[in-house]
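Undergrad: I'll drop the sequence and a predicted model, then ask my questions.
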Amino acid sequence: MLNKRLFKTASFRLSALYGAVFAACFVALLFVTYWTTTTALRDQIRMEIADRIEAISSEAAADGTATIVLDINERTNSATKSIGYYYLSDGKGLKLAGNLDGIVAKDGWQEIALGEGPTVNSTWSADEDHQLWAQGIHLADGSFLLAGQDAYRVLAAQETIINSFAWSAGIAFLLAAVAGIALSQGFLRRIDNINMTSLAIIDGHLKERIPVHGTSDEIDRLSTNLNRLFDSNQALLQSLKQVSSNIAHDLRTPLTRLRQGIETALAKPGTKKSYEDAMHSALDESDQLLATFAALLRISQIESGSRKTGFKTLSLSDIFDRVANAYRAVIEDDDKQLKTSIDPELNYHGDGELLLQMVANLVENAIRHTPAHSEICIHLEKIAQGAFAYISDSGPGIPIEQRDKVFEHFYRLDASRSTPGNGLGLALVAAVCNLHGIKILIDDNKPGLKVALQFLSQPTY
């Protein structure tokens, strides 16, 4: 039982369209073949009859009518089947010779069918495809000569051409219909797989994926792209779930401390100073909460792409110099060493404030996660593709399995989340890089960590 949806599929409609185009080409081919074959055979018969007329009329002009009577009788009495058909009458319309009767003395080409008046002295029957094609001419002495030929071979060829094309068209139509149905079934089956997988994912089965057959056709490419979309959505949902969990962990601690401090201050009477200390502690906790939300809002603003409207050409070298000078004293006070290697006059198109924040966050991350006597390096150089920079340190580094996760919101290497910070510094760095088309890579500094930045857009100098 055929599914009615088969006839509504794009593949079936496309097959039907191709079938219609093929049918039109088939009809055109039939017409051309029929016309050229018929014309060639007709011309051949006419040439043969014209040659006979010319030969007999020439003979009549030279030897007289009595001679061609003998010639026609000889021709019609011959055992050769293809000798032809003749009619000769005198000037008064009396038949003198030939194997035709009842012929009207009319000059020119004639096509005489059975049962239309003339009698053909032959073995033709009315149900056969026979027709007399003849040419008539009045000779100089007033007699009338008609020579003709059986057109059976032309009519048979025409019928054969029509029958062969009819059978071929029928078979072609049948094959096209079968192919269209088969293609439609395969197409519909693959579309149903896409629909069922999509519905399963909507129902919460996020790990379901569309089967890919490896044919690299348009359905396979669509399935591959949809699977990538589903992977991305699953990753986003998992990330959102992780972010929600991290927010709960990061905000619970300062909120708990804030509540405990207020409860402690209210539970027992104290001095003015104790109340002031409790208020200052509450303000500090509130500031930490506000800083977390401000960082989230800033990252959201960057990821929206709205900051691109303020892009302009700025000095990349100046940004790196400003960060190095701003943190040099902090690094030295922390008993660490700063090394810089910054090429001058390197310009870049972007948002200066965001690029400054990006470099500052990377330097702060190096300061925060390296022990005393560590070396921190800020490097910027011109390369053929644009500009290349890195911020490296000689600290403990980041394990390979966690390097892809450190740019996620609220992700922290300290799983206990006991150290200061909210896990948004590197997330902001990733957002700025995505906005500016900067390729970022975390590598091993042996020892320590190296965060490499490749400014893919060609800077101006």
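TA: Sure thing, it's come through.

Undergrad: tell me which element I49 falls in.
TA: helix 10-63 (DSSP states H and E).

Undergrad: please apply the same query to I440.
TA: strand 438-444.

Undergrad: buried residues in that strand?
TA: By neighbour count on 16 or more other CB atoms under 10 Å, the buried set for strand 438-444 is 438, 440, 442. All C-beta atoms are positioned from the backbone trio N, CA, C, and that covers glycine.

Undergrad: ok, residues contacting stretch 264-281?
TA: With contact meaning CB atoms under 8 Å, 6 or more residues apart in numbering, stretch 264-281 is reached by 257-258, 261-262.

Undergrad: now the buried members of the residues you listed.
TA: For those, buried by 16+ other CB under 10 Å: 258, 261.

Undergrad: looking at the contacts of stretch 264-281, which one is closest to Q454?
TA: Q454 has its nearest neighbour among those in R257, at 42.0 Å by CB to CB.

Undergrad: in a helix, the closest one, correct?
TA: Yes - counting by DSSP: H, G, I helix; E, B strand; the rest coil, R257 is located in a helix.

Undergrad: quick one: contacts for it?
TA: 281, 285.

Undergrad: any idea how far it lies from E263?
TA: Remark: distance between R257 and E263 (CB to CB, to the nearest Å) = 11 Å.

Undergrad: can you check F26 too?
TA: Counting by CB to CB - F26 and E263 are separated by 92 Å.

Undergrad: so for the two, which residue has more residues nearby?
TA: F26 (16 against 10; other CB atoms under 10 Å).

Undergrad: could you double-check that that one lies in contact with S164?
TA: No - the pair F26 / S164 is not scored as a contact, 11.6 Å apart, by CB atoms under 8 Å.

Undergrad: which helix or which strand is home to L380?
TA: strand 375-383.

Undergrad: tell me what that strand is packed against?
TA: helix 316-333, strand 337-342, helix 352-368, strand 386-393 (3 or more CB pairs under 8 Å, 6 or more residues apart in numbering; DSSP states H and E).

Undergrad: out of those, which gets nearest to T37?
TA: strand 386-393 (71.7 Å).

Undergrad: following the closest one, which helix or strand comes up?
TA: Using DSSP H and E, the first helix or strand after strand 386-393 is helix 425-436.

Undergrad: relative to helix 352-368, how tilted is that next one?
TA: Taking axes from the mean of the first three to the mean of the last three CA atoms, to 10 degrees, one finds that helix 425-436 is oriented at 150 degrees with respect to helix 352-368.

Undergrad: can I get helix 425-436 as CSV, trimmed to CA atoms?
TA: Provided in CSV are the C-alpha atoms of helix 425-436 (Å, rounded to 0.1, in the frame of the first residue of the first chain):
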residue,chain,number,x,y,z
GLY,A,425,38.0,36.5,34.4
LEU,A,426,38.9,34.0,31.7
ALA,A,427,35.3,33.9,30.5
LEU,A,428,35.5,37.6,29.8
VAL,A,429,38.8,37.1,28.0
ALA,A,430,37.1,34.5,25.7
ALA,A,431,34.2,36.8,25.1
VAL,A,432,36.5,39.7,24.0
CYS,A,433,38.5,37.3,21.8
ASN,A,434,35.4,36.1,20.0
LEU,A,435,34.2,39.6,19.5
HIS,A,436,37.5,40.7,17.9
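
Undergrad: which elements pack onto it?
TA: When contacts are defined as 3+ CB pairs under 8 Å, 6+ apart, helix 425-436 sits against helix 272-304, strand 347-350, helix 352-368, strand 438-444.

Undergrad: same for the last one, what does it pack against?
TA: What that stands for is strand 438-444. helix 425-436, strand 449-455.

Undergrad: could you redo the last one with a cut-off of 7 Å?
TA: Judged by 3 or more CB pairs under 7 Å, 6 or more residues apart in numbering; DSSP states H and E, strand 438-444 is in contact with strand 449-455.

Undergrad: quick one: buried residues of the strand it packs on?
TA: 449-451, 453-455.

Undergrad: any idea which of these is the one closest to D287?
TA: Closest to D287, out of all of those and judged by CB to CB, is V451, at 28.0 Å.

Undergrad: ok, the closest one - contacts?
TA: Counting by CB atoms under 7 Å, 6 or more residues apart in numbering, V451 makes contact with 362, 390-391, 440, 442.

Undergrad: what bridges to it?
TA: I391, I442 (DSSP bridges).

Undergrad: what does the pLDDT read for it?
TA: V451 is assigned 88 on the pLDDT scale.

Undergrad: now the contacts of stretch 264-281 in JSON lines, with distance to A179?
TA: Converted to JSON lines, those look like this (distance: CB to CB, whole Å):
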{"residue": "R257", "distance to A179": "74"}
{"residue": "L258", "distance to A179": "74"}
{"residue": "G261", "distance to A179": "79"}
{"residue": "I262", "distance to A179": "79"}
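
Undergrad: so what's the residue nearest the centre of the chain up against?
TA: Centroid-nearest residue in the chain, with CA atoms, centre = their mean: E218, separated by 5.6 Å. Contact analysis of E218 by CB under 7 Å, 6+ apart lists nothing.

Undergrad: tell me the pLDDT at it?
TA: At E218, pLDDT is 78.

Undergrad: which among the contacts of V451 gets closest to R153?
TA: Using CB to CB, those come closest to R153 at I440, 85.0 Å.

Undergrad: what's the closest non-adjacent residue to that closest one?
TA: C433 (4.7 Å; CB to CB, 6 or more residues apart in numbering).

Undergrad: distance of that neighbour relative to T38?
TA: As judged by CB to CB, C433 and T38 stand 77 Å apart.

Undergrad: more neighbours: which of those two?
TA: Neighbours were counted for C433 and for T38 using other CB under 10 Å; C433 has more, 20 against 15.

Undergrad: please tell me how far the more buried one sits from L441.
TA: 10 Å.

Undergrad: and if you look at Y87?
TA: 103 Å.

Undergrad: ditto for D393
TA: For D393, the distance to L441 - CB to CB - is 15 Å.

Undergrad: and what of G84?
TA: Following CB to CB, the distance that separates G84 from L441 is 96 Å.

Undergrad: what's the answer for A60, then?
TA: Here the distance between A60 and L441 works out to 107 Å (CB to CB).

Undergrad: just I391 next, same as before
TA: In terms of CB to CB, I391 sits 12 Å off from L441.

Undergrad: also D150?
TA: Taking CB to CB as the measure, D150 falls 91 Å from L441.

Undergrad: same question, V429
TA: 12 Å.

Undergrad: residues contacting S315?
TA: Applying CB under 7 Å, 6+ apart, the residues near S315 are N347.

Undergrad: and T37, how far from A105?
TA: Distance from T37 to A105, by CB to CB: 33 Å.

Undergrad: and for N365?
TA: Taken as CB to CB, the span from N365 to A105 is 117 Å.

Undergrad: is L146 in contact with A134, as I believe?
TA: Yes - shown here, L146 and A134 form a contact pair, counting by CB atoms under 7 Å, at 5.2 Å.
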